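# got a predicted structure here, sequence first:
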Amino acid sequence: MKFGAAKLSFGKSETAQAPAHIRTSSGLEQFFSFLHARENLSVLDMSGASQANIAYITNAGHRISSDDIIGTMQQCFGDDFHTSQQAASTSQRFLEQTLTFPDNFFDGALVWDAMQFLISPVIDQTVAQLLRVLKPGGLILAFFNANDKITRIPVHNYRIQDHKTLAMIPRGAEQQCQYFNNRSIENLFGKAESVKFFLTRDHLREVLVRK
């Protein structure tokens, strides 16, 4: 397995897309506090291969693997994520291509906003796989849109600027498959040791999960 390798992303290149939105992230800051206190850890970045993310993680003395889970959804589900997931053939195809890593392989996973585009039972099986590849005590950083009034959720690539700053690069929008409140997220990660929420001003619910 090559660190830094990623699945092919769909859509326009980042340079051809709308300008990035820069935001600070308390969840990211705590995630990196965990990393900076240790050495030679293995991190999964689920926003696809990014030179900025690879450079930041490796310069901190850690290893990184990249996997574009949104790209896999686009490959398997096409234009209608919600409807396509309900077909056993497409959902099974997605699960077979996602998180194909050994048990207890990663110390941390940057999931970003990917989970909010999945529905049950696919999301439950994906979270189970995510926890499987994470070492005990490992951390997951995930984002969920907190605006319950929108029907389409913006999709982004996430590029690390520093330990608490992200560049969010637009890559389109997808139908909101379901709304995630704190209780539903706690239930989703019910087998984890802890789930911590961070309040934000931009309708993005940040969640830090410890296995």
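Cool, got the structure.
# is Ala173 in a helix, a strand, or coil?
Applying DSSP: H, G, I helix; E, B strand; the rest coil to Ala173 yields a three-state assignment of strand.
# actually, Leu131.
helix.
# residues touching it, list them.
Contacts of Leu131 were listed using CB atoms under 8 Å, 6 or more residues apart in numbering, and they are 189, 191-192, 211. Bear in mind the C-beta positions are built from the backbone N, C-alpha and C, glycine included.
# please apply the same query to Pro136.
For Pro136, the contact set (CB under 8 Å, 6+ apart) comprises 104, 211.
# quick revisit: columns distance to Asp45 and neighbour count on top of the contacts of Leu131, output as TSV?
Below are the contacts of Leu131 laid out as TSV (distance: CB to CB, whole Å; neighbours: other CB atoms under 10 Å):
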residue	distance to Asp45	neighbour count
Phe189	19	20
Lys191	23	9
Ala192	20	18
Lys211	17	23
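# looking at those residues, which are in helices?
When DSSP state H defines the helices, the subset of the contacts of Leu131 inside them is empty.
# any idea how far Val207 is from Glu39?
Distance from Val207 to Glu39, counting by CB to CB, to the nearest Å: 26 Å.
# so which of the two has more stuff around it?
With other CB atoms under 10 Å as the criterion, Val207 and Glu39 differ in neighbour count, and Val207 comes out ahead with 22 against 9.
# so the closest residue to that one other than its chain neighbours, which state does it fall into?
With CB to CB, 6 or more residues apart in numbering as the criterion, Val207 has its nearest non-adjacent residue at 4.8 Å, and that residue is Ala142. Ala142 carries the three-state label strand when classified by three-state DSSP.
# okay, Ala142: pLDDT?
Looking at Ala142, its pLDDT stands at 97.
# okay, now the unreliable bits of this structure?
Low-confidence segments of the chain, defined by pLDDT under 70, are located at 1-18.
# those helices in it, which residues are they?
Assigned by DSSP H, the helices in the chain fall at 26-36, 51-59, 69-77, 81-85, 88-97, 122-133, 182-188.
# tell me the helices and strands packed up against the first one.
In terms of contact count using 3 or more CB pairs under 8 Å, 6 or more residues apart in numbering; DSSP states H and E, helix 26-36 is assigned the packing partners strand 106-112, strand 134-145, strand 194-198, strand 204-210.
# among the ones you listed, which comes closest to Asp79?
Using CB to CB as the criterion, the shortest distance between Asp79 and those is 19.4 Å, found for strand 134-145.
# the closest one pairs with which strands?
With DSSP bridges as the criterion, the sheet partners recorded for strand 134-145 are strand 106-112 (parallel), strand 204-210 (antiparallel).
# now render the helices of the chain as a markdown table, adding distance to Gly172.
Supplementary listing: the helices of the chain in a markdown table, determined by distance: least, CB to CB, whole Å:
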| stretch | distance to Gly172 |
| --- | --- |
| helix 26-36 | 23 |
| helix 51-59 | 20 |
| helix 69-77 | 9 |
| helix 81-85 | 11 |
| helix 88-97 | 18 |
| helix 122-133 | 20 |
| helix 182-188 | 24 |
